[in-house]
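Chemist: Provided below are the primary sequence and the corresponding predicted coordinates.
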Protein chains: 2
Amino acid sequence: MTTASLSNTESLTLLSLTIASGAIIANTFHGDGEPLVASVALSGIAFSASYAMIRWLGPTFMKAGLKGLDMSKVHKKEIPETMGAVTAVVYLLLIIVFIPFPFYKDIVAATSGGGNRDVVFEVEHVQHGRLLHRFPHSKLASYLSAILSLQSICILGIGDDLFDIRWRHKFFIPAFASIPILIVYFVDFGVTQIVIPIPLQPYLGELFDLGILYYAYMAAIAIFCPNSINILAGINGIEVSQSLVIALLLVMNDSLYLLSPYPHPATDSHLFSLYLLLPFIGVSLALCCHNWYPARVFVGDTYCYFAGMVFAVVGILGHFSKTLLLLFVPQIFNFLYSAPQLFHIVRCPRHRLPRFNARSGLLEPSVTEWQNPPKPIISAGLRALHQLHLLRITVDTRGVITESTNFTLLNLWLVWFGPKREDRLAKEILLMQFFCGLTGLFVRHRLALWIFKEDNL
Amino acid sequence: MTTASLSNTESLTLLSLTIASGAIIANTFHGDGEPLVASVALSGIAFSASYAMIRWLGPTFMKAGLKGLDMSKVHKKEIPETMGAVTAVVYLLLIIVFIPFPFYKDIVAATSGGGNRDVVFEVEHVQHGRLLHRFPHSKLASYLSAILSLQSICILGIGDDLFDIRWRHKFFIPAFASIPILIVYFVDFGVTQIVIPIPLQPYLGELFDLGILYYAYMAAIAIFCPNSINILAGINGIEVSQSLVIALLLVMNDSLYLLSPYPHPATDSHLFSLYLLLPFIGVSLALCCHNWYPARVFVGDTYCYFAGMVFAVVGILGHFSKTLLLLFVPQIFNFLYSAPQLFHIVRCPRHRLPRFNARSGLLEPSVTEWQNPPKPIISAGLRALHQLHLLRITVDTRGVITESTNFTLLNLWLVWFGPKREDRLAKEILLMQFFCGLTGLFVRHRLALWIFKEDNL
C-alpha cells in the first residue's frame, strides 16, 4: 500500500526536524542542560516520530482489525482506528527519556544560589559520576506517578478500543488510571487543604481541610477530563484539535508564570506542566495532520482518554485544577447538555454524531425519532428547550413530537448556524473553544483577586 | 457460553479467599501495618481477581480475535489467547494500590529506633494527617520505576500479540521497557561499581567502575529474562509454571535474608523483591490453573515478557542479578542451544514446538527437514551434536542428513527420554528447573565465599 510510506517532502521535513531537535538536545549537555529547551526539542522529535509511525503502522493496524468506517463521506472507506495508541506510546517513551533533564537543572539550582558551582563538581568527583545526588526526589515521584497514570490510561484505553466496553463501564476507566497519582499524592504530599474564598472565610476559616473529599475531587477531575473529550467527538479531527487548543491555552497559562518578573512559588509546578504538555502538543499535532478532514486515520478512545488524562495530571500535580476547568467550559457544557441522553432520561441512539447529507455534502443535526410520543413531562421539557433554542423538535399535524435533535454541542451548533461542511464545523467549534478559554484565563488572572486574597501572579 | 462463568465451588472458594485477604489487610491498619502481611493478603486477592477475570473475559477476547489453536490435541479447538494481559493488568493495579503499605512501615522503622513512636504521632498531629512525611523517597522512585517498566512491557507485549511483530524486532521490546528503570537508576542511584572476585583483585582492585557498561549489563539482563522465557514455550502451562518456579526460588532466596539472625544490609532490597514477587505468584497461579494441560486459555507473549521483566526488575533493583541468572540456567541453556536456529545458522521453521502424535497421544521431538543436504561444515556440526546426544539426526541410505530435531530444550528432553504426554513433559522440565535453581542457590550461598570476600549471609 502506497499510503504506508512517506513522500519525499515529508521524509525530508521530518528528518530535518529530527536532526535539528537532536542537535539542540546534544547542545544542552554542554551548557546547564536547560530542560525547557530540551523539552521543546524533544517535542520536535515527538512530532516527527509520531507522524512517521502513524503512516507506517496504518496497514498493520488495519490487518489486526483495528479499522473503522468514516460515516460522513460520500465514498465511505475503512481507515485505521486507535491510532492514538501510537502517539501515546511515542509520548510515553519520550517523557521517560526526558527524566534526566529537569533533574540536572534542579541540582544546579539547588547549589548555585551563591554562584558556587564548584561545590557541585567537587562532590561529583568524589562520588564517581553521581552528578544528581541532591535530586529533589519528591518531584521525581510525582513525575513518575504522572507517567504511571498515563500508561495506565493507555493500557485501559487500548482495552476499550479492542473490546468495545459498555458505556457505563468505560466511564470509570479513568478512575482506575488515576489511582497512581492519587496514591503517590497520598504517600508523598498529602496536603488536602483548600483556600477558602474571602466571602466564605468568616464561616470556614482561611484554609479548610477536605481530607478524603480532596481525593474524591481529584478523582472526579481525572474521570471528567478524559470522558468529556471522549463525548465531544464524532467529526474528523475534533478530538485531537480540541485537545490541542486546551494544551495551547495551558501552555499560555504556564508561560505567564515563567515570564513573571519575580520568581514565583508556583514556577516549578508550571515548569512541570510544560514538560508534560510540550511533547503532548508534538504528538497531537502529528496525529491531527492525519486525522484532520478528510481523515486518513481515526484516533480511537485511547487518544481521548489519554489526552484528558494528560490535562488531569498536570492540573492535579500542578495544583491548578480550577484553572483547568475554566478551559473545559465547552466540554462541561457538552457534558451537562448530553446528560439527559447519557443517563437515559431521553432515548439515546448508538451514535449521536451529526448526520451526513450525501446530496449537499454538508452535516446536519442528527435526530432521535420518537416512535411513541414522549411522556408528558419529557415532552414539556423538549418543548421548553426548543423555545430556548437549545434543541430542535419536529411535531406532526396533531402536535405530537416525532423527532428531536440529539443532545450534543455539535448538533446544537448545527441547529444554531445551519448545515455546514465537516471541517468548517470543526474549525468553528475550535475557535469557540479558544475564545472561551481565553476569557477563562482572563477571569482567572484579573478577577480572581475579588474572591481570593492573593493571586498567583 | 457456559465456560465464561465460575462454578459454585469456584465462586465460593474465591470469595472466601478474597474476604479473608481483605480482613487481613484491614487488620494491618490497626497494627504497625506490617507490609509483608499485607503483601501476602494482596496476593490472595490477586489470585482470586485474576482467576475470575480470566474466566469471565475469555469470550470477550475470542470475539476481539485474540484466539489461538491448540496444536497438540486430538480435537483441536480455538481458545482465548493473550490472557497474560489480564493477569498483568490485575498485577499492576494491585502493586500500585500496595504503595502506601511499605511506606508506613518505613516511617515507623525510621523513628522507633529508641522505641519513641510518640514523636511520629506528634508530627502527625502538627502536619494534619501527613503521616508519611519522612518517607524514603529514593525507594519510592525505584518502586515506581519498576512499575513503569512493567507497564511498558505490558503495552509493548500487547502490541506484539496484536500485530505479530517480527522476531528480530520483538527481541528488543524488553530493551524499550527497561528504559524507565535504567533512567531512574541513573538519576536516583547511579552506582556503577562492581565488586571484583578475590583472585582478580590484585589486577583490578577491590571495586571496579563499569560506568556506562553497567547500564549495558542491566539492559542485557532486561532483554534476556523476558526473551528467554518467551522461547522456552510451546506446550501447555510451561511459560507460567517455569515463571512460578523461578519466582518461588527467588522468594526462598529473599526469605534467607529476612530470616537471618542479625539485620542484614540487603534486607530492604529483598523485602522490595518480595513485595513484587508475591502478587506475581498470585496472578501466575491463577493463570496456571487455566493454562495447565489441557489448556483452556493461552498466555500470549505478553505474559512471557511480563514475567521475565518482573524478574529482571527485582534482580536489577535488588542488586542480585548474578543470583537471578543462577536460577535461569535452563533458560540460558535453551537460549544458547537455540542460537544456531535463532541466528539462522541452521534453518528455522516458523514453529519449533514438539510434534503431537495423534495416534499415541504423545509429544515427539519436532524436526527440520533438509530438502537440500546441509553444507559440509553444518553437516559435520550436526553429526558431532548427534554423537554428543545433543541432537537427533536422520540420514538416508547415502548417509546424507535428511532431518534434524529442532534446537529447543523441550525437543532435546524428548530425544533423551522418549515421547511423553504434554503435561508429563512440562512436569519433568519444571522439576529439572527447580533442582537446577536449588543447586544454584546452594552454590551462591555456600561456595561464593571462595571467590568473594564477604557473602550476603
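Modeler: Nice, thanks for sending it over. Residues are numbered from 1 along each chain as shown, chains lettered A, B, ... in the order given.
Chemist: Spell out which parts of the stretch 251-400 of chain A neighbour chain B.
Modeler: Residues of the stretch 251-400 of chain A lying close to chain B (C-beta under 8 Å from any C-beta of the partner chain): none. The C-beta positions use only the backbone N, C-alpha and C, and glycine is treated the same way.
Chemist: so where's the stretch 251-400 of chain A shaky on pLDDT?
Modeler: Under the criterion pLDDT under 70, the flagged ranges of the stretch 251-400 of chain A are A:263.
Chemist: what do you get if the cut-off is 50, keeping everything else the same?
Modeler: Along the stretch 251-400 of chain A, the model assigns pLDDT under 50 to no residue.
Chemist: hey, where'd the helices end up in the stretch 251-400 of chain A?
Modeler: A:267-291, A:300-317, A:321-327, A:329-342, A:376-387 (DSSP state H, counting those that start in this stretch).
Chemist: Deepest in the core, which of these is it.
Modeler: helix A:300-317 (a mean of 28; mean count of other C-beta atoms under 10 Å in any protein chain shown).
Chemist: Return the list of helices and strands in contact with it.
Modeler: helix A:84-97, helix A:137-163, helix A:173-177, helix A:179-188, helix A:212-231, helix A:238-258, helix A:267-291, helix A:321-327 (3 or more C-beta pairs under 8 Å, 6 or more residues apart in numbering or on different chains; DSSP states H and E).
Chemist: what is the rounded mean pLDDT of the helix or strand harbouring A:L430?
Modeler: A:L430 is part of helix A:422-442, with elements assigned from DSSP states H and E. In this model, helix A:422-442 has a mean pLDDT of 96.
Chemist: cool, stretch A:206-226 as well?
Modeler: If you average the pLDDT over stretch A:206-226, you get 89.
Chemist: Can you name the residues in contact with it?
Modeler: Stretch A:206-226 is contacted from outside by A:149, A:153, A:171-175, A:177-178, A:181-182, A:185-186, A:192-196, A:304-309, A:311-313, A:315-316, A:321, A:324-325, A:328, A:331, A:335, B:128-129, using C-beta atoms under 8 Å, 6 or more residues apart in numbering or on different chains.
Chemist: again, only this time at 6 Å
Modeler: Residues outside stretch A:206-226 that contact it (C-beta atoms under 6 Å, 6 or more residues apart in numbering or on different chains): A:174-175, A:178, A:182, A:192-194, A:196, A:305, A:308-309, A:311-312, A:316, A:321, B:128.
Chemist: Just the CA atoms of it, as CSV, please.
Modeler: C-alpha atoms of stretch A:206-226 as CSV (Å, rounded to 0.1, in the frame of the first residue of the first chain):
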residue,chain,number,x,y,z
GLU,A,206,-8.8,30.7,55.7
LEU,A,207,-7.9,27.0,55.0
PHE,A,208,-10.3,24.1,55.0
ASP,A,209,-9.1,20.5,55.2
LEU,A,210,-11.1,18.5,52.8
GLY,A,211,-9.5,15.2,53.9
ILE,A,212,-10.7,12.3,51.9
LEU,A,213,-13.0,14.5,49.9
TYR,A,214,-9.9,16.1,48.3
TYR,A,215,-9.0,12.7,46.8
ALA,A,216,-12.6,12.3,45.6
TYR,A,217,-12.3,15.8,44.0
MET,A,218,-9.0,14.8,42.3
ALA,A,219,-10.6,11.5,41.1
ALA,A,220,-13.5,13.4,39.8
ILE,A,221,-11.2,15.7,37.7
ALA,A,222,-9.5,12.6,36.4
ILE,A,223,-12.8,11.0,35.5
PHE,A,224,-14.2,14.1,33.9
CYS,A,225,-11.4,15.3,31.7
PRO,A,226,-10.9,12.1,29.6
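Chemist: Run the chain-centre distance for that stretch.
Modeler: 19 Å (C-alpha atoms, centre = their mean, to the nearest Å).
Chemist: what comes up buried for stretch A:231-248?
Modeler: Buried residues in stretch A:231-248, counted by 16 or more other C-beta atoms under 10 Å in any protein chain shown: A:231-247.
Chemist: Keep only those that also lie close to chain B.
Modeler: Among those, no residue sits close to chain B (C-beta under 6 Å from any C-beta of the partner chain).
Chemist: End to end on stretch A:28-38, go ahead and measure it.
Modeler: Terminal residues of stretch A:28-38 lie 7 Å apart, using C-alpha to C-alpha, to the nearest Å.
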